[in-house]
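**Q** Starting from these lines, generate the structure:
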Amino acid sequence: MNTVIVAAAILIEDGRVLLTQRKAGGHLAGAWEFPGGKVELGEDPKEALARELHEEVGIFVRVGEIVDVTFHRYDDANKAVLLLFYEVERTAPSPAPQAIDVAALKWGDEGDLDPAQFPPADVAILSKVRRRLGAKG
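**A** Next up, the predicted model:
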């Protein structure tokens, strides 16, 4: 079983968190998730996250502290994922996010954090994100 390291963003603005939807045709297509992507061999996870956010949603960010780390095995895809969730802020003059290499994006509130809509590897972080939304909302 192959293990992939993924860096994901917890980007909260105006009491809402940025969410992206997985594209059709891939593993877990249609699921909502926190934006980010695979860390390439030898790449720093923070740099990988900044690169992925620019490629997928067109924004420039400062990657901050790690919020959580989760590990999940996807037996159906014969892979495992080590997910690193980071606090992220957009930097000036970053444009507004747009769906460049994702199916869709939205600014979600606590009601959008339904575990049934997220990949299993993301479910563990949802309660922490809800608390952050409450603190910043």
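
**Q** going forward, measure contacts between C-alpha atoms and count neighbours the same way
**A** Fine.

**Q** Give me the number of neighbouring residues for residue 24.
**A** 12 (other CA atoms under 10 Å).

**Q** How about it: what's its closest non-neighbour residue?
**A** Nearest residue to residue 24 in three dimensions, chain neighbours excluded: residue 30, at 6.3 Å (CA to CA, 6 or more residues apart in numbering).

**Q** Okay, that neighbour and residue 20: tell me how far apart.
**A** Computed as CA to CA, to the nearest Å, the residue 30 to residue 20 distance reads 9 Å.

**Q** now do residue 85
**A** Counting by CA to CA - residue 85 and residue 20 are separated by 14 Å.

**Q** try residue 104
**A** Counting by CA to CA, the separation of residue 104 from residue 20 is 6 Å.

**Q** Now the common contact residues for those two.
**A** Listed as contacting both residue 104 and residue 20 by CA atoms under 8 Å, 6 or more residues apart in numbering is no residue at all.

**Q** Comparing the two, which residue is more hemmed in?
**A** Comparing residue 104 with residue 20 by neighbour count (other CA under 10 Å), the higher total belongs to residue 20, at 24 against 16.

**Q** Name the residues of stretch 66-81 that come out as buried.
**A** The neighbour-count check on stretch 66-81 (16 or more other CA atoms under 10 Å) flags 66-67, 69, 71, 73, 80-81 as buried.

**Q** Average pLDDT for it, rounded please.
**A** For stretch 66-81, the mean pLDDT works out to 94.

**Q** which stretches of this structure form helices?
**A** Ranges of helices in the chain, per DSSP state H, are 45-57, 120-123, 126-136.
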